[in-house]
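K.L.:
Using only what follows, build the 3D model:
(one chain, ligands or ions: 1)
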Amino acid sequence: MARSRVLDLNSLRIHQLEGYIQNITLIEQEGRLLLFDSGCINDVKRIKRYCRESLKRSPADIKLTAVTHIHPDHAGGAVCLRKKFGIPIAAHKDVDRWYRGLGGLLQHQLDCYLATSVAFRNRRRLEQIHYSRTINPDYPLEDGQTLPFFPEWKVMHVPGHIAHDLAFYHEKEQVLYIADLICDVKGQPHLPLPIVFPKKMAESFDRLGSLPVRVILRGHGQPIISENNAEIFSRMKQQLNRPPTPFVKRIWRLSIHSPEIKKLNYR
Ligand SMILES: [Zn+2]
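P.N.:
Coordinates of the predicted model:
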């Protein structure tokens, strides 16, 4: 059974289970289930087991998978979950543009390879994580909308890591789900890898830092109990000025193939 933790906040019960290379966040809200990111494709079995064994519910009870971005460890299981259990997908309206065309195909292969190398470094058993590079969201989202079925959650477009990243914000409970935007390296907050659009990343950090937030949920690392949200994101913004290490540079060089990079001219 995968390791998991439960966090209770007035109207929300937050389940985080350990996925293949990232957290899987399942929100229980008035008895309804909302999944933040689907994990890798091989996490579908972990989600299924957790629902059945810990929640005593069918995975088909999950009302929605809300996908923050198309990377293998966030969107990998979404299509499979929809096929197997009929769970609809909500994601940025342009999410499927990132891996379009030949450049997109190459980037998708590279990202699957990079995800596998993370699993290898984490001493995970090697498993097949190849997944569909388009997810065709049932609910295409834009900045400022709310999530279908869960209108308490506001959708924010926060590009920088890639182009179509979303964050989800519950205003009343002051909970923010940011996927990769603050990663964890040995207990310390770190920038996501890669950062394709540094200027956009800085703007996104400013926006996120301006919100009243008590709990930050993320794809890699423990939840952050936030006393000073502005400070947390301002430190992330400062990290953007640090010279990249050779490792970071290598990841950046492997992350330049999406056709969206030229098209959006975000730099
Ligand atoms: Zn990512």
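K.L.:
Leaving out chain neighbours, which residue sits closest to the residue of the chain found nearest the ion?
P.N.:
Of all residues in the chain, His71 sits closest to the ion, at 3.5 Å by CB to the ion. Using the backbone N, CA and C atoms, a C-beta is placed for each residue, glycine as well. Nearest non-adjacent residue to His71, counting by CB to CB, 6 or more residues apart in numbering: Asp111, 5.9 Å away.
K.L.:
Same check on Pro137?
P.N.:
Ala91 (4.1 Å).
K.L.:
Quick check: residues of this protein near the ion?
P.N.:
Residues of the chain lying near the ion by CB under 5 Å from the ion: His71, Asp180.
K.L.:
which helix is the longest one in the chain?
P.N.:
Taking DSSP state H as the assignment, the helix of the chain that covers the most residues is helix 101-121.
K.L.:
what's the average pLDDT for stretch 102-114?
P.N.:
Mean pLDDT, stretch 102-114: 96.
K.L.:
next one: it to chain centre, how far?
P.N.:
Remark: stretch 102-114 is offset 18 Å from the chain centroid, using CA atoms, centre = their mean, to the nearest Å.
K.L.:
Now do the buried residues in it.
P.N.:
Gly103, Gly104, Gln107, His108, Asp111, Cys112, Leu114 (16 or more other CB atoms under 10 Å).
K.L.:
Could you double-check that the fourth one lies in contact with Tyr99?
P.N.:
Yes - counting by CB atoms under 8 Å, His108 does reach Tyr99; the two are 4.4 Å apart.
K.L.:
if I look at these two, which residues touch both of them?
P.N.:
Arg133 (CB atoms under 8 Å, 6 or more residues apart in numbering).
K.L.:
which one is Lys63 nearest to, not counting chain neighbours?
P.N.:
Spatially, and ignoring its direct neighbours in sequence, Lys63 is nearest to Phe149 (4.8 Å; CB to CB, 6+ apart).
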